[in-house]
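Colleague: fold the following.
(chains A and B)
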Protein chains: 2
Amino acid sequence: MGKDYLKVRVPATSANLGAGFDVFGIALENPADIIEVEKSDKTTITVSGRDSQFVPVDPKKNTAGIVASLLDKPVKINIQRGIPLSSGLGSSAAPAAGVAFALNEMFSLGLSKEELVRIAAQGEKAASGAAHADNVAPAIYGGFVIVHKDRIISLYPENIGIVAVHPEIIVSTRAARAILPRKLTLADISFNTGNAASMVVGMMKSDIKLIGESMENRVIEEVRSKLIKGYRQVKKSALDSGASGVTISGSGPTMIAVCSMNERENIAKAMKQAFSDNHIRSEAFITTIGNGAKIIES
Amino acid sequence: MGKDYLKVRVPATSANLGAGFDVFGIALENPADIIEVEKSDKTTITVSGRDSQFVPVDPKKNTAGIVASLLDKPVKINIQRGIPLSSGLGSSAAPAAGVAFALNEMFSLGLSKEELVRIAAQGEKAASGAAHADNVAPAIYGGFVIVHKDRIISLYPENIGIVAVHPEIIVSTRAARAILPRKLTLADISFNTGNAASMVVGMMKSDIKLIGESMENRVIEEVRSKLIKGYRQVKKSALDSGASGVTISGSGPTMIAVCSMNERENIAKAMKQAFSDNHIRSEAFITTIGNGAKIIES
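Modeller: Presented below is the predicted three-dimensional model:
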């Protein structure tokens, strides 16, 4: 009946993919957070790894601690952070998803993936203010997810090259939401609907070209890209290097490009160079659409 | 090198399916128009069958005649109409699509389906003012289509029960467009995007429940349904009888329900009764998602 200790790996995620605002998300093979949980009489949190100095260790303010509290399971949590903070790569979703996943295993709670997503989303809401499940859902399911109503649909495209380039720019999720237009025209909506529909076909067929070409989003990309210095040049550099599509990951500032697996290195180099030309330092993750949370030690 | 005479069958179509405004369309197995073309030195049109008295026989004003002119192929065209006029079932698209398809065969023009859609859409535009290909595309491809940018994606779900009920109400496409809101909120857009994405998965998996539940559209359905007397009761009657979803076909007034094949008769009866309770006469088509234009005699 359960374990006293578990170590899980939970991946970075990228929400929206252009056309699927608040609806689409993908799990990235890397970067990832490593989360250890151990049975205890009281929830405590320790954090190490990248940006750890900025992560609250108070269980009431940390998404992972909130999830433990929601499940009423006190545990020692140790988070080894690999996902950059405030990057648009689901850094607040990953610990929430990882702890929900780990506690379900550890205490044999028998919760479905959908229930885990709901709980993790509540944990994230307490931290970020918005309970969108478009990061926690792919962090748990892996693959490509459609988060809609109370249903999550997951698809598992293969060999989709992803380059995620994280520039050293601060974009707060709240600010990125506040800047959004409150309404769109019908023509823009039909365009985005067509892209969203095409994206799903692309994901079902593992069609890199169709996925990439479906990433364009009218209005939202235009508005949010203004928060990312060099956006146009970086996008152009990726497309010129063979990417089939480029967009903002979540609310940014990370930009993601879709391409064939063997074009990733070149595209990463070009994108980093374009940021550099704009006097912005950046880090590239060469990755693919990957798995959700999994146990790596128990 | 071609034939001197061809008879083609071209199906009714239903655009939008709720979530896919100006993007989605399906071909219905029935009703259909039967179109005969015969080589001639001058394009002439004769029309028989339902509502034929309202169809212009002047080749410059008839979608079929315009297509013949666009292809520069004079032919005698005879249209036996089976699709009710101004019903929201693609009655102006069918002859345009049918003649484009027939002339491509007759004169061995070697045009792709995409090119035929483009030509048929031009023919329809001359008649209806709007060049949306969401009816001509399924009329040519059959199945479920996503019409987006210059690309048409077609999927072929099987055993999807469709009930199309056409009430005796006049709704002009122009009026149904004019009544539309010019903008939607982001929350409504995400909802519709989620439904559009789910619809595509439903169509790929032939999942009747998912297709039906993805048919809901915020704002557009609400506004357009006001042009259809009894809409709420008819929708409720279909859902109560087991339909998984109900929406307006194109710009209406036909309402379509999605259900399992063996529930169609009951649902048709319930929908007709609900219209009747509102003192509206109606006709039901018991059908399924079917094929596109095809040659039936040559």
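Colleague: is it true that residue A:236 touches residue A:277?
Modeller: No. Using C-beta atoms under 8 Å, residue A:236 makes no contact with residue A:277, being 11.2 Å away. Yep, even glycine has a C-beta here, placed from its N, CA and C like the rest.
Colleague: out of the two, which sits in the busier spot?
Modeller: Using other C-beta atoms under 10 Å in any protein chain shown as the criterion, residue A:236 and residue A:277 rank with residue A:236 on top: 15 against 12.
Colleague: part of a helix, is that one?
Modeller: Yes. According to DSSP: H, G, I helix; E, B strand; the rest coil, residue A:236 belongs to a helix.
Colleague: what distance do you get for it to residue A:202?
Modeller: Separation of residue A:236 from residue A:202 (C-beta to C-beta, to the nearest Å): 22 Å.
Colleague: how much space is there between residue A:179 and residue A:171?
Modeller: Distance, residue A:179 to residue A:171, by C-beta to C-beta: 10 Å.
Colleague: joint contacts of those two?
Modeller: residue A:227 (C-beta atoms under 8 Å, 6 or more residues apart in numbering or on different chains).
Colleague: more crowded one of those two?
Modeller: residue A:171 (21 against 14).
Colleague: give the helix, strand or coil label for the more buried one.
Modeller: coil.
Colleague: that one and residue A:229 touch, don't they?
Modeller: No. Taking contacts as C-beta under 8 Å, residue A:171 lies outside contact range of residue A:229: 10.5 Å.
Colleague: burial measure for residue A:186, as a count.
Modeller: Neighbours of residue A:186 under the rule other C-beta under 10 Å: 17.
Colleague: for residue A:60, same thing?
Modeller: 10.
Colleague: excluding its backbone neighbours, what's nearest it?
Modeller: Using C-beta to C-beta, 6 or more residues apart in numbering or on different chains and skipping residues adjacent in sequence, the residue nearest residue A:60 is residue A:66, 7.0 Å away.
Colleague: I'd say residue A:129 and residue A:92 touch.
Modeller: No. With contact defined as C-beta under 8 Å, residue A:129 does not count as touching residue A:92 (10.6 Å).
Colleague: let me see the contact set for residue A:170.
Modeller: Counted by C-beta under 8 Å, 6+ apart, residue A:170 has contacts A:86, A:253.
Colleague: nearest residue to the closest residue to chain B within the stretch 151-298 of chain A in space, please, no chain neighbours.
Modeller: Of all residues in the stretch 151-298 of chain A, residue A:194 sits closest to chain B, at 3.1 Å by C-beta to the nearest C-beta. In this structure, residue A:194 finds its nearest non-sequential neighbour in residue B:148, 3.1 Å apart by C-beta to C-beta, 6+ apart.
Colleague: which stretches of the stretch 51-200 of chain A form strands?
Modeller: Secondary structure of the stretch 51-200 of chain A by DSSP state E, counting those that start in this stretch: the strands cover A:75-81, A:144-148, A:151-155, A:161-167, A:183-185.
Colleague: and the pLDDT at the residue of the stretch 1-150 of chain A found nearest chain B?
Modeller: Across the stretch 1-150 of chain A, the shortest distance to chain B (C-beta to the nearest C-beta) belongs to residue A:148, at 3.1 Å. Note on residue A:148: pLDDT of 92.
Colleague: ditto for residue A:94
Modeller: Looking at residue A:94, its pLDDT is 96.
Colleague: neighbours around it, how many?
Modeller: 33.
Colleague: contacting residues around it?
Modeller: A:10-13, A:32-33, A:83, A:135, A:139.
Colleague: state the pair within these that is farthest apart.
Modeller: Of all pairs drawn from these, the one with the longest distance (C-beta to C-beta) is A:32 and A:135, at 13.3 Å.
Colleague: what about those two, which has more around it?
Modeller: For residue A:32 versus residue A:135, the count of surrounding residues by other C-beta under 10 Å is larger for residue A:135: 33 against 26.
Colleague: thought that one was touching residue A:16?
Modeller: No. Counting by C-beta under 8 Å, residue A:135 sits too far from residue A:16 to count as a contact (9.9 Å).
Colleague: quick one: low-confidence parts of the stretch 151-298 of chain A?
Modeller: Scanning the stretch 151-298 of chain A for pLDDT under 70 picks out the ranges A:173.
Colleague: what touches both of residue A:135 and residue A:16?
Modeller: Residues touching both residue A:135 and residue A:16 (C-beta under 8 Å, 6+ apart) are A:25, A:250.
Colleague: for chain A, which residues are neighbours of chain B?
Modeller: Counting by C-beta under 8 Å from any C-beta of the partner chain, chain A comes close to chain B at A:19-24, A:146-149, A:151, A:153, A:155, A:180-186, A:189-201, A:204, A:213.
Colleague: show me the contacts for residue A:186.
Modeller: Taking C-beta under 8 Å, 6+ apart, we find residue A:186 in contact with B:21-22, B:180-184.
Colleague: same thing but at 7 Å, please
Modeller: B:180, B:182 (C-beta atoms under 7 Å, 6 or more residues apart in numbering or on different chains).
Colleague: what's the answer for residue A:216, then?
Modeller: Residue A:216 neighbours (C-beta under 7 Å, 6+ apart): A:18, A:195.
Colleague: please tell me how far residue A:253 sits from residue A:24.
Modeller: Distance of residue A:253 to residue A:24, given as C-beta to C-beta: 19 Å.
Colleague: follow-up on the earlier one: which one's more surrounded, residue A:129 and residue A:92?
Modeller: Higher neighbour count among residue A:129 and residue A:92: residue A:92, with 23 against 10, using other C-beta under 10 Å.
Colleague: stretch A:229-246: which residues count as buried?
Modeller: A:230-231, A:233-235, A:237-239, A:241-246 (16 or more other C-beta atoms under 10 Å in any protein chain shown).
Colleague: same question for stretch A:109-129.
Modeller: Buried residues in stretch A:109-129 (16+ other C-beta under 10 Å): A:111, A:113, A:116-128.
Colleague: would you mind writing the CA trace of it as PDB?
Modeller: In PDB, the C-alpha atoms belonging to stretch A:109-129 read as follows (Å, rounded to 0.1, in the frame of the first residue of the first chain):
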ATOM      1  CA  LEU A 109      -5.400   7.500  -4.100                       C
ATOM      2  CA  GLY A 110      -6.800   6.100  -7.400                       C
ATOM      3  CA  LEU A 111      -7.400   9.500  -8.900                       C
ATOM      4  CA  SER A 112      -7.700   9.700 -12.700                       C
ATOM      5  CA  LYS A 113      -5.400  11.900 -14.800                       C
ATOM      6  CA  GLU A 114      -8.300  14.300 -15.200                       C
ATOM      7  CA  GLU A 115      -8.800  14.600 -11.500                       C
ATOM      8  CA  LEU A 116      -5.000  15.100 -11.000                       C
ATOM      9  CA  VAL A 117      -5.200  17.900 -13.600                       C
ATOM     10  CA  ARG A 118      -8.100  19.600 -11.700                       C
ATOM     11  CA  ILE A 119      -6.200  19.500  -8.400                       C
ATOM     12  CA  ALA A 120      -2.900  20.700  -9.900                       C
ATOM     13  CA  ALA A 121      -4.800  23.500 -11.700                       C
ATOM     14  CA  GLN A 122      -6.200  24.600  -8.300                       C
ATOM     15  CA  GLY A 123      -2.700  24.600  -6.900                       C
ATOM     16  CA  GLU A 124      -1.500  26.700  -9.800                       C
ATOM     17  CA  LYS A 125      -4.500  29.000  -9.400                       C
ATOM     18  CA  ALA A 126      -3.500  29.800  -5.900                       C
ATOM     19  CA  ALA A 127      -0.100  30.900  -7.100                       C
ATOM     20  CA  SER A 128      -0.800  32.600 -10.400                       C
ATOM     21  CA  GLY A 129      -4.500  33.700 -10.100                       C
END
